[in-house]
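Engineer: Generate coordinates for the sequence data below:
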Amino acid sequence: MEAVIVENLVKRFKDVVAVNGVSFKIMRGEIFSLLGPNGAGKTTTIHIIATILKPTSGKVVVFGHDAVREADMVRKKIGIVFQDPSLDNQLTAYDNLYVHGRLYGLRGRELEEKIYELLEFVDLKEYANKQVRYFSGGMKRRLELARGLMSNPEMLILDEPTIGLDPQSRAKIWDYIRELRRRYNVTILMTTHYMDEAEELADRIAIMDHGRIIAMGTADDLKSMLGSDVIYVKFDKEVPEGICTTLPSLRSCKKIGVDTLEILVENATKSLPEVLSNIYVNGYKIIEVSYKRPTLNEVFLHLTGRELRDSLESNPIMQRRRRWR
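Structural biologist: Now for the predicted structure:
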């Protein structure tokens, strides 16, 4: 059964289209990841699902409730951990959860038991009475996870859950995300621009770029788009026109950037000698050759012509935000 249904979602901010015709479904109990660069439309999408923003057009249904017409019902079903810190640093860990629990109608012993249950879950029980300003970044993120669970949500929304954390803290957060689904049977919608995070945690991944979903499936489904191996050949100048027609039978051959050729093959070690021999025979000069097993970054590169980590500079929404500043 579907937890979330998104149909033809569009969100415009004046002349900027942040989300452009996005559609997907999330099943109950699933970890679903929106993967893409900053400014791809991921946060805008989840803010619409969480009823923080209203869509320009399209439809969002969360556990059977329309996110616009029945926003109050949707809010009762979800918890959210925002990308930017939102804890009160002057309060203790206990008091941060206490205030949040009271807002959701918890009182007395029920509230106290819930607070200590969640503090224990995120390994912060011994720090219950310590002010949050003394917490590390990882501890704060764990407390925010606990706060997101205070309302017993059916779905938890995580916006860039490990951004800015060191590798050890990231790995710890990953463990909590896996465990909270197992222990609390909660559906999880997360955004990330970390490919390893999406691959490690998500049952399914939707790759977003420029407000659109450009590919969706399991990590293995997405990587299978490229075949078994990817060969990159970098020339001393622009990729020669028509070079792909001179090469032996390939799954795919296309120009990436100005001077690089991407070639998809079943087995790079077997295909590489023949590929290079054909290029040299035609008199072209190569300055670099590499090959690798497909990764999600290769999928993004194949679909967009640029790497995920480099795509921020060419994103019009992020460029506009910089001008606004």
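
Engineer: so residue 124 sits right up against residue 141, yeah?
Structural biologist: No: under the criterion of C-beta atoms under 8 Å, residue 124 lies out of contact with residue 141, with a separation of 10.8 Å. Bear in mind the C-beta positions are built from the backbone N, C-alpha and C, glycine included.

Engineer: For these two, work out which one has more neighbours and name it.
Structural biologist: For the pair residue 124 and residue 141, the greater number of neighbours falls to residue 141 (26 against 21), based on other C-beta atoms under 10 Å.

Engineer: Now that one: which helix or strand?
Structural biologist: Per DSSP states H and E: residue 141 is located in helix 137-148.

Engineer: tell me which strands and helices that helix is in contact with?
Structural biologist: Contact here means 3 or more C-beta pairs under 8 Å, 6 or more residues apart in numbering; DSSP states H and E; on that basis helix 137-148 packs against strand 78-81, helix 93-103, helix 108-121, strand 155-159, helix 167-184.

Engineer: let's see it at 7 Å
Structural biologist: strand 78-81, helix 93-103, helix 108-121, helix 167-184 (3 or more C-beta pairs under 7 Å, 6 or more residues apart in numbering; DSSP states H and E).

Engineer: how about the helices of the chain, start to end?
Structural biologist: The residue ranges that make up the helices of the chain, judged by DSSP state H, are 42-49, 71-77, 93-103, 108-121, 137-148, 167-184, 195-201, 219-224, 268-281, 296-304, 316-324.

Engineer: tell me the most buried of these?
Structural biologist: helix 42-49 (a mean of 24; mean count of other C-beta atoms under 10 Å).

Engineer: That helix vs strand 155-159, what angle?
Structural biologist: Relative orientation of helix 42-49 and strand 155-159, computed by axes from the mean of the first three to the mean of the last three C-alpha atoms, to 10 degrees: 150 degrees.

Engineer: for helix 42-49, what is the average pLDDT?
Structural biologist: When pLDDT is averaged along helix 42-49, the result is 96.

Engineer: Ok, stretch 246-262 next?
Structural biologist: The average of the pLDDT scores along stretch 246-262 is 85.

Engineer: now the end-to-end length of it.
Structural biologist: When the termini of stretch 246-262 are compared using C-alpha to C-alpha, to the nearest Å, they are 14 Å apart.

Engineer: Report the buried residues of it.
Structural biologist: Taking 16 or more other C-beta atoms under 10 Å as the basis for neighbour counts, the residues of stretch 246-262 that come out buried are 247, 250, 253, 255-256, 260-262.

Engineer: Kindly reformat these as a markdown table containing distance to residue 78.
Structural biologist: Formatted as a markdown table, the buried residues of stretch 246-262 follow (distance: C-beta to C-beta, whole Å):
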| residue | distance to residue 78 |
| --- | --- |
| 247 | 51 |
| 250 | 46 |
| 253 | 45 |
| 255 | 44 |
| 256 | 40 |
| 260 | 43 |
| 261 | 46 |
| 262 | 40 |
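
Engineer: Which of these fall in strands?
Structural biologist: 253, 255-256, 260-262 (DSSP state E).

Engineer: wait, which of the residues you listed is closest to residue 159?
Structural biologist: When these are ranked by distance to residue 159 (C-beta to C-beta), residue 256 comes first, at 30.5 Å.

Engineer: Now do residue 160 against residue 22, distance only.
Structural biologist: Between residue 160 and residue 22 the distance, using C-beta to C-beta, to the nearest Å, works out to 18 Å.

Engineer: Which one of those two is surrounded by more residues?
Structural biologist: The neighbour comparison of residue 160 against residue 22 (other C-beta under 10 Å) goes to residue 22, with 25 against 19.

Engineer: which residue packs closest to that one, ignoring adjacent ones?
Structural biologist: What sits nearest to residue 22 in space, not counting adjacent residues and going by C-beta to C-beta, 6 or more residues apart in numbering, is residue 9, at 4.4 Å.

Engineer: Does the one you found touch residue 56 like I think?
Structural biologist: No: the pair formed by residue 9 and residue 56 falls short of the contact definition of C-beta atoms under 7 Å, at 8.7 Å.

Engineer: between these two, who's got more neighbours?
Structural biologist: Applying other C-beta under 10 Å to residue 9 and residue 56 shows that residue 9 carries more neighbours, namely 25 against 15.

Engineer: buried set for stretch 124-133?
Structural biologist: In stretch 124-133, the ones that count as buried by 16+ other C-beta under 10 Å are 124, 127, 132.

Engineer: tell me how far the ends of it are from each other?
Structural biologist: Taking C-alpha to C-alpha, the span from the opening residue of stretch 124-133 to its closing residue is 14 Å.

Engineer: State the distance from residue 187 to residue 28.
Structural biologist: Computed as C-beta to C-beta, the residue 187 to residue 28 distance reads 6 Å.

Engineer: Find the residues that touch each one of these two.
Structural biologist: The contact sets of residue 187 and residue 28 overlap at residue 3 (C-beta atoms under 7 Å, 6 or more residues apart in numbering).

Engineer: Which of those two has more residues huddled nearby?
Structural biologist: residue 187 (24 against 14).

Engineer: Quick check: beta-bridge partners of that one?
Structural biologist: Beta-bridge partners of residue 187, counted by DSSP bridges, are residue 155.
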